[in-house]
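> Using only what follows, build the 3D model:
(one chain, ligands or ions: 2)
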Amino acid sequence: MATIGQDIDQAQTLLRSGKLVAIPTETVYGLAANALDCNAVLSIFKTKNRPTFDPLIIHTDTTEKIKQWVKHFPEALEHLSNVVWPGPLTVLLPKKDIIPDMVTSGLDHVAVRIPNHPLTLSLLKGLDFPLAAPSANPFGYISPTAAKHVQQQLGAYIPYILDGGPCSIGIESTIVHVENGKLQVLRLGGLSVEQIEDISQQKITLSLNQSSNPQAPGMLKSHYAPRKPLYIGSISAFLEKNKDQKVGILSFKTSYPEHKTSHVLSPTGDVLEASKNLFLCLRELDQSEAEVLITEWVPETGLGRAINDRLRRAAHIEE
Ligand code: TXA
Ligand code: MG
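Ligands and ions are numbered 1, 2, ... in the order given. The predicted structure is shown next:
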């Protein structure tokens, strides 16, 4: 099993020798390797059982380093990044040849971010290469927001998990690119569309659900999914209809105290608290004795949009 600890030197030594290390970020835990080392990158895909057509995000700690690896940094993205980084934002930039095609699944843009976690920032500071890091879960399953989640699922295959405590945002980064000078969101995430509009002073268009578009093959509709069937709708109506089944409840703010397997995302109705708890609650319900899971939509504002996106994918709902 992997060692869980906070030893940055050990993590750096492993990464320099092409090994995998799980790292904490403010969004979710990542499964990291040297992005410039093809063999190390290949072992990420193998360990996660991830198709090689699903490209990886690279992580580093300064914009200066990023500029060594990309051809240019469009102004609109640079401005947004300067305000948000370190933070839950990933931008697509035209890559130089030094970034292996395997990282981008053959695309000419690479996804880049500076994550906001003190341990991982000190780790990155001592490395002269970027870390390719997808979420540290088996492909398609719920993303990990604590070191023990990584240990449970991938601990047998990796040497080290850097333990940075529970993730403060709990949902993946927002992915943004620029097209004809306009910013577009490709994946909803920990930075809300409203925040991006505020910072960039422009109306943002969404270009989500690109699973049928080979340009962004990672936007799969079924993702972040528990193994148990998950339904979204009125919780009370569902309970009424399914009296003979063990139902697990994931509610936004209402509690169901008479129900053994129920989780509340945020008793005060705060979408940030809800996003922090989302994957943890889904994971616990998936491991509970419940046979079937019911949840409800959260308000479509701020991070609520990203939460609803993850719920939709977890429930395998087609648009
Ligand atoms: O918050 C996060 O972004 C976390 C932490 C660990 O940083 N990482 C993460 O990575 O969510 P992952 O691999 O689970 O999701 C990466 C997604 C891909 O599935 C794909 O949709 C998109 O990012 N992506 C990556 N590179 C891309 C590229 N070159 N062009 C278009 N989309 C890309
Ligand atoms: Mg993922």
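> Quick check, central residue of the protein?
For the chain, the residue nearest the mean C-alpha position is Glu172 (2.7 Å; CA atoms, centre = their mean).
> what's that one in contact with, if anything?
Counting by CB atoms under 8 Å, 6 or more residues apart in numbering, Glu172 touches 27-28, 88, 135, 143, 187, 189-190. To be clear about C-beta, it is placed using only N, CA and C from the backbone, and glycine gets the same treatment.
> repeat that for 10 Å
Taking CB atoms under 10 Å, 6 or more residues apart in numbering, we find Glu172 in contact with 25, 27-28, 30, 57, 88, 90, 134-135, 143, 187-190, 224, 279, 306, 309-310.
> after the top helix by length along the chain, next one along is what?
Determined from DSSP state H, the single longest helix within the chain is helix 271-287. Downstream of helix 271-287, the first helix or strand assigned by DSSP states H and E is strand 292-295.
> Tell me the strands beside that next one, with direction?
In its sheet, strand 292-295 lies beside strand 230-232 (parallel), strand 247-251 (parallel), with partners assigned from DSSP bridges.
> quick one: buried residues of the helix or strand harbouring Leu80?
Using DSSP H and E, Leu80 maps to helix 75-84. Buried positions in helix 75-84, judged by neighbour count with 16 or more other CB atoms under 10 Å: 76-78, 80-81, 84.
> Show me the domain layout of this structure.
3-206, 230-314 (automatic domain parsing).
> Select, out of those domains, the one closest to ligand 1.
domain 3-206 (2.8 Å; CB to the nearest ligand atom).
> Pull up the distance across that closest one, start to finish.
Length of domain 3-206, first residue to last, CA to CA, to the nearest Å: 40 Å.
> wait, does that domain make contact with ligand 1?
Yes: contact of domain 3-206 with ligand 1 (CB under 6 Å from any ligand atom) involves 25, 27-28, 30, 54-57, 90, 92, 104, 107, 109-111, 113, 115, 133-135, 172-173, 175, 186-187.
> on that earlier part again, elements contacting the helix or strand just after the helix holding Leu80?
Per DSSP H and E, the first helix or strand lying C-terminal to helix 75-84 is strand 89-94. Under the contact criterion of 3 or more CB pairs under 10 Å, 6 or more residues apart in numbering; DSSP states H and E, strand 89-94 touches strand 57-59, helix 63-69, helix 75-84, strand 109-113, strand 174-179, strand 182-187, helix 193-200.
> can you pull the buried residues of the helix or strand following strand 89-94?
The helix or strand immediately downstream of strand 89-94 is helix 101-104, counting by DSSP H and E. The neighbour-count check on helix 101-104 (16+ other CB under 10 Å) flags 102-104 as buried.
> Which elements pack onto the longest helix of the chain?
Applying 3+ CB pairs under 10 Å, 6+ apart, one finds that helix 271-287 contacts helix 147-154, strand 230-232, strand 247-251, strand 262-264, strand 292-295, helix 304-314.
> Contacts for the second one next, please.
Outside of strand 230-232, the residues that reach it under the criterion CB under 10 Å, 6+ apart are 238, 242, 247-248, 250, 282, 285-286, 292-297, 308, 311-312, 314-317.
> gap between it and the chain center?
21 Å (CA atoms, centre = their mean, to the nearest Å).
> Show the subsequent helix or strand relative to it.
By DSSP H and E, the next helix or strand past strand 230-232 is helix 235-241.
> Only the C-alpha atoms, please, for that following helix, written as PDB.
In PDB, the C-alpha atoms belonging to helix 235-241 read as follows (Å, rounded to 0.1, in the frame of the first residue of the first chain):
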ATOM      1  CA  ILE A 235     -36.900  13.100  -2.600                       C
ATOM      2  CA  SER A 236     -40.200  12.700  -0.800                       C
ATOM      3  CA  ALA A 237     -42.000  11.500  -3.900                       C
ATOM      4  CA  PHE A 238     -39.200   9.000  -4.500                       C
ATOM      5  CA  LEU A 239     -39.400   7.700  -0.900                       C
ATOM      6  CA  GLU A 240     -43.100   7.300  -1.200                       C
ATOM      7  CA  LYS A 241     -42.800   5.300  -4.400                       C
END
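> which phi and psi does the residue sitting furthest away from the middle of the chain have?
Most distant from the centre of the chain: Asp244, at 35.5 Å, with distances by CA atoms, centre = their mean. For Asp244, the backbone dihedrals (degrees, to the nearest 10) come out as phi -90, psi 10.
> show me what contacts it?
Glu291.
> if I look at Ile317, how far off is ligand 1?
Per CB to the nearest ligand atom, to the nearest Å, Ile317 is found 18 Å from ligand 1.
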